[in-house]
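In: Quick one: sequence plus predicted model below, questions after.
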Amino acid sequence: MSVVTAEQGAEPGAIATRRGRAHFWEREAPLAYLFMVPGLLILLLFMAYPFFLGIYLSLTDKMVGFADFSFVGLDNYRLLLNDPVFHKTVANTLIYSFVTVPFKLLLGLGLALVLNQTFHFSRFVRAGLLLPWIVPTAISSLAWLMLFDSVLSPISWVLKSWGVIQTNINFFGDRWNAIGAICVANIWRGLPFFAISILAGLQAVSNELYEAAALDGANAFQRFMSVTLPVIRNIVLIATLFSIIFTFSDFQLIYVLTKGGPASSTHVFGTYAYQTMGFSALGQAAAIALSMFPFLALFAAILLRYIRAED
């Protein structure tokens, strides 16, 4: 008695089709592309479309609330070249970024080295470190707004009690005082990002490397320079790149603290674009916002080129 299986009784074409489908799902490459489709759609919808729409609007005289507008080419960018507030905005953004990012990097590196040690309640300390990063920026900015209050600031009260100053500091009444205040607040908020990122890299450094370096007579500093730093170098560079992008595009902290004041002296790209859009000049606001793109592209190209060159 012979048994004829379904596979034997099926048509050769159907069998080949089923085998082809099974072979397709067993391959990793097509499956990987399939899983990338939702992410690609999200990027196109929420990043690519707004970006290209912003480029288009920056080339028009579009006004908020008006349906009619015309194509003006690069006129919005030419106006910015002669705008003294925009010149100050560019300078403020560069100062804001180049002052805060190195401080966040160095302090985050030191904090990560400390947290990489084993001590009591280390897990709770690491979890608490994330609070400045996960708390909504608008809420934490309100706390800094009270700390920098010209009348009730505890900073001024402590300095007066120590005899360092005679009168309260007007943090937001002077351009440089205001820039210093927002830089301090940004460093506090961005420090956990560097600390946690670098700490994750430190966890991957093998103890055998440290033991081998110690046997060769290397002290703690030499072990850090020859073992730790080369391992975490790429993580540090990538975290720095992301921090530059976050700082350049910062809006909430500065808007809550100064709103670009006093007298438009602390504007960055985000706050100045928002203020311009409040005056209904949507096309010019788009041009201001897009003006940060060449800076970010330059920084990204330099850091990514350095990462690839060292790999």
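Out: Nice, I can see it.
In: Pull the distance from stretch 253-271 to the chain's centre.
Out: Put simply, stretch 253-271 sits 19 Å off its chain's centre (C-alpha atoms, centre = their mean, to the nearest Å).
In: Then stretch 38-49?
Out: 19 Å.
In: Between the two ends of it, how far is it?
Out: 16 Å (C-alpha to C-alpha, to the nearest Å).
In: Excluding residues flanking it in the chain, which one is nearest residue 190?
Out: Nearest residue to residue 190, sequence neighbours excluded (C-beta to C-beta, 6 or more residues apart in numbering): residue 104, at 4.5 Å. For glycine as for every other residue, the C-beta is placed from the backbone atoms N, C-alpha and C.
In: next structured bit after the host helix or strand of that neighbour?
Out: Secondary structure assigned from DSSP states H and E places residue 104 in helix 84-115. Reading on from helix 84-115 to the C-terminus, the next helix or strand found by DSSP H and E is helix 122-129.
In: What residues of that next one count as buried?
Out: 126, 129 (16 or more other C-beta atoms under 10 Å).
In: How many residues are close by residue 249?
Out: 14 (other C-beta atoms under 10 Å).
In: Just list the residues touching it, thanks.
Out: 269, 270, 292 (C-beta atoms under 8 Å, 6 or more residues apart in numbering).
In: Could you give the backbone dihedrals for it?
Out: phi -100, psi 10 (degrees, to the nearest 10).
In: Quick check: chain neighbours aside, which residue is closest to residue 284?
Out: Residue 284's closest residue in space is residue 76 (C-beta to C-beta, 6+ apart), at 4.8 Å.
In: how much space between residue 271 and residue 254?
Out: Counting by C-beta to C-beta, to the nearest Å, the separation of residue 271 from residue 254 is 5 Å.
In: Same question for residue 190.
Out: 13 Å.
In: can you map out the strands along the stretch 201-311 of the chain?
Out: Per DSSP state E, counting those that start in this stretch, the stretch 201-311 of the chain carries no strands over any range.
In: what are the ranges of the helices in it?
Out: 207-215, 220-223, 229-248, 252-257, 269-278, 282-290, 293-310 (DSSP state H, counting those that start in this stretch).
In: So which bits of the helix or strand hosting residue 199 are buried?
Out: Per DSSP H and E: residue 199 is located in helix 175-203. Residues 175, 177-179, 181-199, 201-202 are the ones in helix 175-203 that count as buried (16+ other C-beta under 10 Å).
In: Off-centre distance for it?
Out: That offset, for helix 175-203, works out to 11 Å (C-alpha atoms, centre = their mean).
In: Next, the angle from it to helix 122-129.
Out: 150 degrees (axes from the mean of the first three to the mean of the last three C-alpha atoms, to 10 degrees).
In: Packing partners of helix 175-203?
Out: Applying 3 or more C-beta pairs under 8 Å, 6 or more residues apart in numbering; DSSP states H and E, one finds that helix 175-203 contacts helix 84-115, helix 122-129, helix 131-134, helix 137-147, helix 229-248, helix 252-257.
In: looking at those, which has the lowest confidence?
Out: Mean pLDDT is lowest for helix 122-129 out of the helices and strands packed on helix 175-203, coming in at a mean of 80.
In: got the CA coordinates for that one in PDB?
Out: What follows is helix 122-129, C-alpha atoms only, in PDB (Å, rounded to 0.1, in the frame of the first residue of the first chain):
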ATOM      1  CA  SER A 122      24.900  53.400  42.800                       C
ATOM      2  CA  ARG A 123      21.800  52.300  40.800                       C
ATOM      3  CA  PHE A 124      19.600  54.900  42.500                       C
ATOM      4  CA  VAL A 125      22.200  57.600  41.800                       C
ATOM      5  CA  ARG A 126      22.400  56.600  38.100                       C
ATOM      6  CA  ALA A 127      18.600  56.700  37.900                       C
ATOM      7  CA  GLY A 128      18.500  60.100  39.600                       C
ATOM      8  CA  LEU A 129      21.000  61.400  37.200                       C
END
